[in-house]
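Undergrad: here is the input, now give the coordinates:
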Amino acid sequence: MPGFEHIIFNWRDALDIALVALLIYQVIQLLRGSRALAVLTGLGLLTVLYFVSRQLGLYTMSWLLQYIFSSIFILIVVIFQADIRQALGEMGANRLFRRNELKKSGIEEVIEACVEMARLRVGALIVVERSMRLGDMIKREGVRLDALLSRQLLMNIFYPKAPLHDGAVVISSGRIMAAGCILPLAVARGQNFGTRHRAALGITNESDAVAIVVSEERGEISVAVKGELVRSLDAARLKQVLNEVL
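TA: Presented below is the predicted three-dimensional model:
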């Protein structure tokens, strides 16, 4: 084609394009379904409005939007600070460093404890740490246990009269590391979630952890992953979900 005969395309250009495409794909995957995507959509609409106002000679609107865009970097950092932290944490932890998986025997202990507590209407919140460490995300780390994971110990911790039953249990490397932990709460928009469910959504919004919730009101088992809640799980379905994510 005329005008393109002098363009030289080598392997470095192909590698450059592939890396940029991969980066854009990863950013889209991280933002998909999150509040950040909605905010970016809003910024995109403001950009369109800015160019339209310039074309129509709306000087006041153009000046105002130009002033906003001059501080866009600071706005992005302020608005997306939690999302940036989560994205960088996932990039640094996911498949590059450790993978903190729960063994099959540990999954069975958790399932048996949750099913029994659901039957007895005992509330519980169990968080399984994975690649990202949870120390800086837990508002209060509770009591450190570093104990062998077992069904009996989990049920004892969440027994209604036990001193640690109100907080969350954190499991790391197949051991119960701490109990009575206070987690960040997610904002429940349009959903009638209790404190345990909001805490499960909150910790999974900010990390790659998996949270299991047992509702004492309904005797219902739920699992939170990446800020999404799967509810009304029986033993078979709970085992399937945990095996898939862990």
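Undergrad: centroid-nearest residue for this structure?
TA: Nearest residue to the geometric centre of the chain (Cα atoms, centre = their mean): residue 205, 2.7 Å.
Undergrad: for this structure, just list every one of the strands.
TA: 124-128, 143-148, 168-172, 175-181, 210-214, 221-225, 228-230 (DSSP state E).
Undergrad: adding mean neighbour count, mean pLDDT and distance to residue 53, write the ones you listed out as CSV.
TA: The way it works is simple: take the backbone N, C-alpha and C, and place the C-beta from them, glycine included. Formatted as CSV, those follow (neighbours: other Cβ atoms under 10 Å; pLDDT from 0 to 100; distance: least, Cβ to Cβ, whole Å):
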stretch, mean neighbour count, mean pLDDT, distance to residue 53
strand 124-128, 25, 95, 48
strand 143-148, 13, 89, 58
strand 168-172, 25, 92, 50
strand 175-181, 21, 91, 50
strand 210-214, 25, 95, 46
strand 221-225, 23, 94, 43
strand 228-230, 14, 90, 39
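Undergrad: so which of those is nearest residue 193?
TA: Counting by Cβ to Cβ, residue 193 lies closest to strand 228-230 out of the strands of the chain; the figure is 7.9 Å.
Undergrad: could you list every helix and strand that the closest one packs against?
TA: Where contact means 3 or more Cβ pairs under 8 Å, 6 or more residues apart in numbering; DSSP states H and E, strand 228-230 is packed against helix 195-206, strand 221-225.
Undergrad: rank the ones you listed by mean pLDDT and give me the bottom one.
TA: For the helices and strands packed on strand 228-230, mean pLDDT drops lowest on helix 195-206, to a mean of 90.
Undergrad: ranking helices and strands of this structure by mean pLDDT, which lands last?
TA: Least confident helix or strand, the chain: helix 81-93 with a mean of 61, by mean pLDDT, DSSP states H and E.
Undergrad: can you get me a residue count around the closest residue to residue 75 other than its chain neighbours?
TA: Spatial nearest neighbour of residue 75, chain neighbours left out: residue 68 (7.4 Å); criterion: Cβ to Cβ, 6 or more residues apart in numbering. Using other Cβ atoms under 10 Å, residue 68 has 13 neighbouring residues.
Undergrad: over to residue 61?
TA: The burial count for residue 61: 15, using other Cβ under 10 Å.
Undergrad: quick one, what contacts it?
TA: 49-50, 53 (Cβ atoms under 8 Å, 6 or more residues apart in numbering).
Undergrad: okay if I get the residues you listed as a markdown table plus distance to residue 166?
TA: Compiled in a markdown table, the contacts of residue 61 are given as follows (distance: Cβ to Cβ, whole Å):
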| residue | distance to residue 166 |
| --- | --- |
| 49 | 49 |
| 50 | 50 |
| 53 | 54 |
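Undergrad: contacting residues for the residue nearest to residue 229 when sequence neighbours are not counted?
TA: Once flanking residues are discounted, residue 229 sits nearest to residue 222: 5.5 Å by Cβ to Cβ, 6+ apart. Each residue near residue 222 by Cβ under 8 Å, 6+ apart is listed here: 197, 200, 212-213, 215, 229-233.
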